[in-house]
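Student: coordinates for the following, if possible.
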Amino acid sequence: MTTLAVIGGTGTNQIPGFESTGHSLPDTPFGPTSGPLLEGTLSGHRCFFLARHGTPHHLAPHRINYRANLWALHAVGAEQVIGINAVGGIEPLLVPGEVVIPDQVVDYTWGRAHTYFDGSGQGFAPEALEHVDFTEPYDREMRRQLVQLAELEGLSFSASGTLAVTQGPRLESAAEIRRLRNDGCDVVGMTGMPEAALARELGLRYASICLVVNPAAGLSDALITLESMQSALAKGADLVQRLLNAYLRAEVGPPG
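Tutor: Numbering: from 1, shown residues only. Just a heads-up that it's a prediction; the model follows:
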């Protein structure tokens, strides 16, 4: 039976329907995780949940200990990880409430601890070095299942897309969004990297569910605020829950 872990982003400090049966504060070679690692059930299936920004929401994107988070999930036996990301829509058709299952990523971040193979001896031997293949940043089979299930659930979604990951915590300028669009990016967020790359280094299968919560800067006259994003996330939480529930049912079958 495959063990799934879910990493929740802005506005998803909890997953509707997730019933916690216990929690831990794992000790990792890289320091503390963003918060407690929750073990529980969703639709009767065992899974883990970790709030990426902590509970309450307080960790800025560049302050998240991505290495500790992924290491802890690997240590407790997670085999698959789904990251939930709140994003802005760059592609005009991607409006608030749209779900995107990205197939590519462009990393614009800097200064983040982004690899386990840094010669420090934390986690791996100092002489260990791996150049992991990152041609496809997200697990192909997980993506295929998520796309198929989103279609079966009748969700408004995009089956592919390129996620731009910016440093944050500020939002982008209109000129920066024009640059990202020229680079071929469809949505923009702040936390997709180095999370995906670290999962690959650990051999964890990883996919992302992006929920569009606002048009990116310069693409709407409306002011982008955390409150408006959280409102859109609250409305979209049901879509994410339905997709996660469907994925668990498909992956591990009916609850025993």
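Student: measure the closest residue to Gln122 other than its chain neighbours to Ala234 for me?
Tutor: Once flanking residues are discounted, Gln122 sits nearest to Pro29: 4.3 Å by C-beta to C-beta, 6 or more residues apart in numbering. (C-beta placed from N, C-alpha, C; glycine too.) Using C-beta to C-beta, to the nearest Å, Pro29 is found at 36 Å from Ala234.
Student: okay, how far is it across stretch 24-34, tip to tip?
Tutor: In terms of C-alpha to C-alpha, to the nearest Å, the two terminal residues of stretch 24-34 are separated by 12 Å.
Student: residue boundaries of the helices in the chain?
Tutor: In the chain, the helices defined using DSSP state H lie at 66-75, 140-152, 174-182, 195-202, 226-252.
Student: hmm, back to that, what is the neighbour count of the residue nearest to Gln122?
Tutor: In terms of burial, Pro29 registers 13 neighbours under the definition other C-beta atoms under 10 Å.
Student: list the contacts of it.
Tutor: Neighbouring residues of Pro29 by C-beta atoms under 8 Å, 6 or more residues apart in numbering: 71, 122-123.
Student: filter these down to the buried ones and express that as a PyMOL selection.
Tutor: A single PyMOL command selects the buried members of the contacts of Pro29 (16 or more other C-beta atoms under 10 Å):
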select buried, resi 71+123
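Student: output the below-cut-off pLDDT ranges for the stretch 151-256 of the chain.
Tutor: By pLDDT under 70, the low-scoring segments of the stretch 151-256 of the chain are 251-256.
Student: let's go with 50 and repeat that
Tutor: Counting by pLDDT under 50, the stretch 151-256 of the chain has low-confidence residues at 255-256.
Student: and the residue positioned nearest the centre of the chain, what are its bridge partners?
Tutor: Nearest to the mean C-alpha position of the chain, by C-alpha atoms, centre = their mean, lies Gly83 at 2.4 Å. In this entry, Gly83 is beta-bridged to Ile7, Ser208, by DSSP bridges.
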